[in-house]
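Colleague: Only the shape, not the letters, is given here:
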């Protein structure tokens with residue numbers, strides 16, 4: 001490039017002659033760099049192959065800038081020395097307000113307010129951010145969501161920091177809110193939001209270690225001898241039941257001193273009877289009456305039962321803020337002790353119900369890891385120890401119950417294996433069931449069941465399976481993915497291994513039938529096994545207390561006759 005500079009003068013307007021003078025019209029500076037400009041250099045300033053690198057001293061900071069700062073051969077990619085200013089960390093309160101503002105914007109925006117599913121999952125996304133960044137604020141946000149979606153009139157009670165608020169916060173933190181988990185949470189807990197998404201396809205590759213035998217082994221030969229087995233469920237003992245209290249209340253649990261009929265707050269319109277009422281749980285007087293009646297009606301005063309099965313729900317239907325760990329353990333202790341002292345010497349095999357936990361219906365999978373994986377172990381340890389103290393299960397089953405959510409397997413000496421399950425782990429009301437819901441067995445409970453059934457098949461045992469919340473059939477209790485897997489397990493091991501399945505939960509006298517091939521052909525020939533659903537002891541709601549007695553073949557463990565007794 002030319003080093004000659006030429007002076008160009010533009011005369012725009014000359015009003016008078018100018019006395020200003022200029023030098024020559026062009027000039028060519030010397031070729032050598034004027035080294036006198038700077039006192040020192042990092043390189044040879046007279047070299048023509050590189051630009052001069054003068055040593056610069058800052059008179060304000062009193063420092064010399066290093067050669068590397070301007071070196072053409074070492075241009076930095078990142079400035080790691082200077083401060084890069086970020087805003088201060090927001091307080092937890094500010095994060096809560098930001099999440100609430102985001103949800104309010106979703107409700108106000110025409111783009112989201114008209115799509116209830118997008119609105120719901122977007123609100124959950126805001127909650128996930130808060131649950132990860134400021135988990136202590138999770139319960140307050142859960143209360144806000146409950147109110148914003150108008151889910152309940154008791155949001156402050158149901159989702160407080162001492163009730164379900166921490167549970168919801170955990171689930172928001174760990175669930176895939178933007179995917180299947182989030183859609184299912186909205187579909188189940190926020191009415192008229194998301195439609196039921198398609199159930200993820202079930203991949204059974206590698207699930208069963210052996211194929212179903214073909215042909216099936218010959219059925220066991222009946223003994224011709226019958227034993228009596230008692231099936232109890234849903235006692236729901238209410239130690240807070242108050243005789244004379246309002247039995248026709250309009251909210252909460254009736255027959256309590258703190259629940260009224262608003263038309264008569266000072267006097268009971270329907271005083272609670274001594275032996276219970278149709279809007280109330282089981283008082284001690286009714287409980288004692290039941291266990292006194294059972295031996296008489298069943299003819300077992302002297303013999304007792306061969307064994308008893310209890311399919312869950314010991315605890316009363318209290319609201320969340322009235323429950324506690326001690327209250328749950330009290331119900332477990334008092335009823336198991338009552339069974340031990342009144343039902344004879346035969347063992348009682350028990351499963352937990354959705355009310356036999358605190359918070360009710362909540363049980364977390366071990367896959368959460370850390371302290372969260374063991375947050376319900378206090379209950380599993382307690383019931384496992386109670387069952388062992390009552391001499392109903394061996395020490396090996398105690399260890400299983402502690403490790404498998406109070407589920408266990410007992411291999412009896414007569415060829416029957418009893419396997420119990422904690423069905424909270426497939427229950428719709430269990431918030432923890434919505435973490436990684438596309439996997440049908442995040443808890444490992446159905447893996448445990450499958451392994452026990454395979455061992456039973458290998459050893460020629462017959463199996464009774466016990467739980468509380470029934471699987472499938474009406475679609476209102478068990479979630480689709482685990483219920484589907486359970487059905488395939490039943491199909492694989494029936495009818496030669498699984499003799500019967502037992503549930504409670506509905507409070508009614510019911511049964512259901514499992515058919516082969518997902519019930520695509522319903523007939524006597526394709527029937528696999530039955531699930532027996534026992535009536536409840538509690539009269540809630542509008543029911544007569546009931547129990548069931550089975551006459552069972554002592555070799556095949558098939559039920560030959562079933563007798564349901566109902567109070568009138």
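Modeller: Nice, thanks for sending it over. Given the structure is predicted, the values throughout are model-derived calculations rather than measurements.
Colleague: In three-state terms, how would residue 512 be classified?
Modeller: Following DSSP: H, G, I helix; E, B strand; the rest coil, the label given to residue 512 is strand.
Colleague: State the distance from it to residue 470.
Modeller: Between residue 512 and residue 470 the computed distance is 7 Å (CB to CB, to the nearest Å). Where C-beta positions appear, they are placed from N, C-alpha and C, glycine not excepted.
Colleague: Those two: which is more packed in?
Modeller: residue 470 (24 against 16; other CB atoms under 10 Å).
Colleague: Now do the same for the more buried one: its pLDDT.
Modeller: pLDDT recorded at residue 470 is 95.
Colleague: Which residue, neighbours along the chain excluded, lies closest to it?
Modeller: Spatially, and ignoring its direct neighbours in sequence, residue 470 is nearest to residue 503 (4.1 Å; CB to CB, 6 or more residues apart in numbering).
Colleague: neighbours around the one you found, how many?
Modeller: Neighbours of residue 503 (other CB under 10 Å): 28.
Colleague: Residue 95 now?
Modeller: Counted with other CB under 10 Å, the neighbours of residue 95 add up to 18.
Colleague: Repeat that for residue 486.
Modeller: Using other CB under 10 Å, residue 486 has 26 neighbouring residues.
Colleague: got the contact list for it?
Modeller: Applying CB atoms under 8 Å, 6 or more residues apart in numbering to residue 486 gives the contacts 426, 446, 449, 471-472, 478.
Colleague: Wait, a helix at it?
Modeller: Yes: looking at residue 486 with three-state DSSP, it is inside a helix.
Colleague: top of the contacts of residue 486 by neighbour count?
Modeller: Among these, the one with the most neighbours (other CB under 10 Å) is residue 426, at 28 neighbours.
Colleague: from what I can see that residue touches residue 484, true?
Modeller: No: with contacts counted by CB atoms under 8 Å, residue 426 stays clear of residue 484, the gap being 10.1 Å.
Colleague: where's the residue nearest to residue 470 relative to residue 408, distance?
Modeller: Taking CB to CB as the measure, residue 503 falls 17 Å from residue 408.
Colleague: what's the answer for residue 486, then?
Modeller: Residue 486 is 17 Å from residue 408, where distance means CB to CB.
Colleague: what does residue 470 give?
Modeller: 20 Å.
Colleague: what do you get for residue 549?
Modeller: To residue 408, residue 549 is 24 Å away according to CB to CB.
Colleague: who has more neighbours, the two?
Modeller: Using other CB under 10 Å as the criterion, residue 549 and residue 408 rank with residue 408 on top: 30 against 21.
Colleague: who's residue 308 bridged to?
Modeller: Under DSSP bridges, the beta-bridge partners of residue 308 are residue 230, residue 348.
Colleague: Could you give the number of residues near it?
Modeller: Residues lying near residue 308 (other CB under 10 Å) number 23.
Colleague: Check residue 168 too.
Modeller: Summarising burial for residue 168: neighbours were counted as other CB under 10 Å, giving 25.
Colleague: That one reaches residue 159, doesn't it?
Modeller: Yes: applying CB under 8 Å, one finds residue 168 in contact with residue 159, separated by 6.3 Å.
Colleague: Could you pull out the residues contacting both of the two?
Modeller: Listed as contacting both residue 168 and residue 159 by CB under 8 Å, 6+ apart are 139, 142.
Colleague: how about the residue nearest to residue 523 when sequence neighbours are not counted, what does it touch?
Modeller: Residue nearest to residue 523 in three dimensions, not counting chain neighbours: residue 515, with 7.8 Å by CB to CB, 6+ apart. The neighbourhood of residue 515, defined by CB under 8 Å, 6+ apart, consists of 521-523, 526-528.
Colleague: Among those, which one sits closest to residue 115?
Modeller: Set against residue 115, the nearest of these by CB to CB is residue 522 (39.2 Å).
Colleague: so what pLDDT did that closest one get?
Modeller: 95.
Colleague: Enumerate every residue touching it.
Modeller: residue 515.
Colleague: Show me the shaky parts of the stretch 351-500 of the chain.
Modeller: For the stretch 351-500 of the chain, applying pLDDT under 70 flags the ranges 473-475.
Colleague: what are the ranges of the helices in it?
Modeller: Secondary structure of the stretch 351-500 of the chain (DSSP state H, counting those that start in this stretch): helices located at 370-373, 377-389, 395-403, 445-459, 480-493.
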